[in-house]
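Colleague: Give me a 3D structure for the following:
(chains A and B)
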Amino acid sequence: MVYTETDQPTMTQSEFLNVVMPFKDKLYRLSKRLLVSAEEAEDATQEILMKLWAKKKNIEGYKNVEAFAMTMTKNFCLDRLKSKQSSNLKLVHSNYEDGSRSLQSQVETRDSISWVERIMQELPEQQKMVLQLRDVEQYDYNEIADLLEMKPTAVRVALSRARKTVREKLVQKHNYGIG
Amino acid sequence: MELDRKEKLLEKYFEASTTVAEENELRDYFAKEEVAPHLKQYAPMFTYFSEAKDERFTKQVPLKPRVNFYKWISVAAVAVMAFGIYFGNDYREQREAEYAYNQTRMALGLLAENFDRGTEKVAYLKEFENTKQKIYKNN
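Modeller: Numbering: from 1, shown residues only, chains lettered A, B, ... in the order given. Below you'll find the predicted structure:
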């Protein structure tokens, strides 16, 4: 694919960036929601954008590049999580995470907004993604169903569960007053 | 009543049957200061979602370098292959020549050995001549 690069007049770098700019932050935020660490999310986003760049010849063929990129991001991050689970990397990572979390909770015990973030971290992956795509990115139900390769009814069920779990845990923390 | 409507919307929200517009209405409501006390506990949710949307991807996207990298790797690979074929041929020719030389030397050696054996045999002919001379002298 490298060799034919000069054969066809395809997208230039700046054209590509114009296509990608409007949704690159969404890719990053979804990666971060799933991978938690900002560094890993940045790496994942870079990786996705480079993959898109490699496929730039087909880009005009997709009717919705953003949806395509979001699905790529989802699959990429879930793969990352899976491979992390099978290696001992996960142990190292969650240790690190716990450290920062307890530090964080010492510093901002009263910050109930960051509670929501932590509550979201505890949700199952699918609910995490549905909540992220709906309540943060405000996609509509059908778009979410497409992006996540789910049925629209399943999206609603997952979303309702996610919202209720967040509410429940938030109320608990509110009542006990602990972070 | 206004509050009644918000409560209904919230209920719908948790059943995941609100529209994006209705969710925006809730978001706006919770962003304000005067939230009804019994609804205040939900405020962090909506505030967090709004804040989460402000996060930005700030890293540069290295598009070109990687392409060049592959290009140069392939150029290097071709160069290495060409050298390999070129010098490989030289080496093979040299080995073939050495083999031919050794074979020739062995053949010549064999020849020389047999020649030597031939001259030894010819030495007997001289004996025959001597005897013949003796006989001639006697007559």
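
Colleague: does A:Lys63 count as helix, strand or coil?
Modeller: Under the three-state scheme (DSSP: H, G, I helix; E, B strand; the rest coil), A:Lys63 adopts coil.

Colleague: Show the pLDDT at residue 12.
Modeller: Since no chain was named, I'll use chain A. Residue-level confidence at A:Thr12 comes out at 84, pLDDT.

Colleague: To clarify, I was referring to chain B.
Modeller: 96.

Colleague: Excluding chain neighbours, what is closest to it?
Modeller: The spatially closest residue to B:Lys12, leaving aside those adjacent along the chain, is B:Thr18, at 4.8 Å (C-beta to C-beta, 6 or more residues apart in numbering or on different chains). Any C-beta I mention is one placed from the backbone N, CA and C, and that applies to glycine too.

Colleague: which SSE is that neighbour in?
Modeller: Of the helices and strands defined by DSSP states H and E, none includes B:Thr18.

Colleague: Can you give me the pLDDT of it?
Modeller: 95.

Colleague: That one - how many residues pack around it?
Modeller: A total of 20 residues lie near B:Thr18 under the criterion other C-beta atoms under 10 Å in any protein chain shown.

Colleague: Distance-wise, check it relative to A:Ala154.
Modeller: Using C-beta to C-beta, to the nearest Å, B:Thr18 is found at 18 Å from A:Ala154.

Colleague: What of B:Tyr101?
Modeller: Taking C-beta to C-beta, one finds B:Tyr101 at 81 Å from A:Ala154.

Colleague: list the contacts for the residue nearest to B:Lys12?
Modeller: B:9, B:12, B:26 (C-beta atoms under 8 Å, 6 or more residues apart in numbering or on different chains).

Colleague: Surely the second one touches B:Glu23?
Modeller: No - B:Lys12 sits out of contact with B:Glu23 when judged by C-beta atoms under 8 Å, with a separation of 9.5 Å.

Colleague: Have a look at those two and say which one is more surrounded.
Modeller: B:Glu23 (18 against 15).

Colleague: mind listing what that one touches?
Modeller: Applying C-beta under 8 Å, 6+ apart, the residues near B:Glu23 are A:135, A:138, B:13.

Colleague: List the buried residues of the helix or strand containing it.
Modeller: If you go by DSSP H and E, B:Glu23 is part of helix B:20-31. Of the residues in helix B:20-31, B:23, B:26-27, B:29-30 count as buried by neighbour count, 16 or more other C-beta atoms under 10 Å in any protein chain shown.

Colleague: same thing with stretch B:37-46?
Modeller: B:41-46.

Colleague: Ok, stretch A:24-43 next?
Modeller: For stretch A:24-43, by 16+ other C-beta under 10 Å, it's A:24-36, A:40-42.

Colleague: Identify, from those residues, the entry nearest to B:Val122.
Modeller: A:Glu40 (95.5 Å; C-beta to C-beta).

Colleague: Wait, that closest one touches A:Arg80, no?
Modeller: Yes - under the criterion of C-beta under 8 Å, A:Glu40 makes contact with A:Arg80 at 7.4 Å.

Colleague: Report all helices and strands that the helix or strand hosting B:Tyr91 contacts.
Modeller: Under the criterion of DSSP H and E, B:Tyr91 resides in helix B:64-138. Using 3 or more C-beta pairs under 8 Å, 6 or more residues apart in numbering or on different chains; DSSP states H and E as the contact test, no helix or strand touches helix B:64-138.
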